[in-house]
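>>> Need coordinates for the following:
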Amino acid sequence: MQIPSLAQLKKDLSYLSEKELIELLADLSKFSRDNKSYLFFKLREKSDPGLYLEMVQEELEADFQTARADHYYYAKKAAQKLRRKMNKLLKLSKVKTDQIEVLLFFCEKLREYGFMRHRNQVLDNMYQMQLSKVAKLISGLHEDLQFDYEGRLEELIP
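Numbers count the residues shown, from 1 in each chain. The predicted model follows:
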């Protein structure tokens, strides 16, 4: 079975009525939790722009509190699990400032909860990779926003 291109899918969707589109979106949201989350955030984005950031930070904070950072092995595995979850959550928003906030939050929590005290190469590389992602995202912003975020980024650089 050959899957049609995105352009063909858009064309086919344009022929559907509003009721059929609603049913299609409801069915799509049943397939995975990611689809449901994406749809939820897109519907609420206009009325509550900070909702995505609040929910992601709450979820990551709860996971950080339950993660073990007492031994470097457990710290490494927990940080990798948290990073996978964060990357999954980052896909739900295309807003660069929200992505920067989540990445900075992740790096701040890594330091706060003692993950970085182990001096493990994997943890150090992961931390540096997240900081480089932040720097890359910051470079695409307006100068005023760049100045605000660069200060927070410099605080996190060891």
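
>>> residue ranges of the helices in this structure, please?
Counting by DSSP state H, the chain forms helices over residues 6-14, 18-31, 33-44, 51-66, 72-90, 96-112, 121-139, 143-156, given from the N-terminal end onward.

>>> Could you quantify the relative orientation of the second one and helix 33-44 as an angle?
Going back to what we said before, that points to helix 18-31. What separates the directions of helix 18-31 and helix 33-44 is an angle of 130 degrees, with axes from the mean of the first three to the mean of the last three CA atoms, to 10 degrees.

>>> hmm, who's touching helix 18-31?
Identification of contacts with helix 18-31 by CB atoms under 8 Å, 6 or more residues apart in numbering yields 13, 16, 35-36, 39. Using the backbone N, CA and C atoms, a C-beta is placed for each residue, glycine as well.

>>> give me that answer again for 6 Å
With CB atoms under 6 Å, 6 or more residues apart in numbering as the test, helix 18-31 has contacts from 35-36, 39.

>>> Which positions in it come out as buried?
Buried residues in helix 18-31, counted by 16 or more other CB atoms under 10 Å: Ser29.

>>> State the mean pLDDT of that helix.
The predicted model gives helix 18-31 an average pLDDT of 92.

>>> Would you check how far apart the spatially most central residue of the chain and Glu155 are?
Centroid check for the chain by CA atoms, centre = their mean gives Leu90 as the closest residue, at 2.0 Å. Counting by CB to CB, to the nearest Å, the gap between Leu90 and Glu155 amounts to 21 Å.

>>> again with Gln8
Distance of Gln8 to Glu155, given as CB to CB: 48 Å.

>>> try Lys30
The span separating Lys30 from Glu155 equals 43 Å under the rule CB to CB.

>>> and if you look at Lys77?
Shown here: Lys77 relative to Glu155, a distance of 27 Å by CB to CB.
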